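>>> dropping a prediction and its sequence here:
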Amino acid sequence: MCLAIPGKLISVTADTDTIFRQGKVSFGGIIKEVNLSMLPEADVGDYILVHVGVAIGKVDEAEARLTFEYLEKMGETDEIMKEEKHPQ
């Protein structure tokens, strides 16, 4: 099953072109670079859903926190945490 993980957009790192727009997203304190091209309206501070490194939608803060908690309990955030401990 494929899942979109909620995170908070903390910065936009490349804003010169909507095709290559990138941002940094915090997933429970783990920071990842994310492609924002499919969500051009995303702004710093927004909670977004990320699937395979691409932002695909916005959610409100309460929904994002609840979803992340559920995913943590299910063990679905383990890959994010593992990558942070052992970056390639």
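Now that the structure is in, tell me what you want to look at.
>>> where does the chain have low pLDDT?
Along the chain, the model assigns pLDDT under 70 to residues 1-2, 14-18, 78-88.
>>> return the set of buried residues in the longest strand seen in the chain.
Under DSSP state E, the strand in the chain containing the largest number of residues is strand 5-14. For strand 5-14, the buried set under the neighbour-count rule, 16 or more other Cβ atoms under 10 Å, comprises I5, P6, G7, K8, L9. From N, CA and C alone the C-beta is placed, and that goes for glycine too.
>>> report the contact partners of the third one.
With contacts taken as Cβ atoms under 8 Å, 6 or more residues apart in numbering, G7 has the following neighbours: V25, S26, F27, G28, K32, V34, Y47, I48, V50, A64, F68.
>>> now do 7 Å
V25, S26, F27, I48, V50 (Cβ atoms under 7 Å, 6 or more residues apart in numbering).
>>> of these, which is the nearest to G75?
Closest approach between the contacts of G7 and G75, by Cβ to Cβ: F27, at 14.5 Å.
>>> next up, phi/psi of the closest one, please.
Backbone torsions of F27, given as degrees, to the nearest 10, read phi -110, psi 90.
>>> surely it meets I5?
Yes - using Cβ atoms under 7 Å, F27 makes contact with I5 at a distance of 5.9 Å.
>>> before we move on, back to that, sheet partners, orientation included, of the longest strand of the chain?
Partners of strand 5-14 in the sheet, by DSSP bridges, are strand 22-27 (antiparallel), strand 47-51 (antiparallel).
>>> now tabulate those strands in JSON lines and tack on mean neighbour count.
Shown next, in JSON lines, are the strands paired with strand 5-14 (neighbours: other Cβ atoms under 10 Å):
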{"stretch": "strand 22-27", "mean neighbour count": "19"}
{"stretch": "strand 47-51", "mean neighbour count": "21"}
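>>> will you turn those into CSV that also has distance to T13?
Shown next, in CSV, are those (distance: least, Cβ to Cβ, whole Å):
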stretch, distance to T13
strand 22-27, 5
strand 47-51, 14
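>>> right, I'll call it a day here.
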